[in-house]
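In: quick one, what's the 3D model for this:
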Amino acid sequence: MSIISWIILGLLAGAIAKILLPGRDPGGLIGTTLIGVAGAFIGGWISARYLDRPFTKEFYDGTTWAAAIGGSLVLLIAYRLLFGHSRSR
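Out: Modelled structure (predicted):
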């Protein structure tokens, strides 16, 4: 997949991660989408590097989507743990 495909996948993975993990995020919509893009890259890299699952040329590969969404969820949870309580309510 091209870099633009990974960015689109990351935006969608960030939205899916936000749906799966509702609540207020410290970064808002933009922060969540950036976390989704970073999560897609990290999830794809971990999948290819450690799980012996190479990158595919197809955008609709289920394993690639699962890795991107998983990476987004992990980063979103970490982001909430690190910066979630810094806002005043």
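
In: buried set for whichever helix or strand residue 65 is part of?
Out: According to DSSP states H and E, residue 65 maps onto helix 62-83. Residues of helix 62-83 classed as buried: 64-65, 67-76, 79-80 (neighbour count, 16 or more other CB atoms under 10 Å). Any C-beta I mention is one placed from the backbone N, CA and C, and that applies to glycine too.

In: other SSEs contacting it?
Out: With contacts taken as 3 or more CB pairs under 8 Å, 6 or more residues apart in numbering; DSSP states H and E, helix 62-83 sits against helix 3-20, helix 28-50.

In: using CSV, lay out the buried residues of helix 62-83 together with pLDDT.
Out: Below are the buried residues of helix 62-83 laid out as CSV (pLDDT from 0 to 100):
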residue, pLDDT
64, 77
65, 80
67, 81
68, 81
69, 84
70, 86
71, 85
72, 85
73, 86
74, 87
75, 86
76, 84
79, 82
80, 81
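
In: what's the closest of the residues you listed to residue 10?
Out: Within the buried residues of helix 62-83, proximity to residue 10 (CB to CB) peaks at residue 68, which comes in at 6.4 Å.
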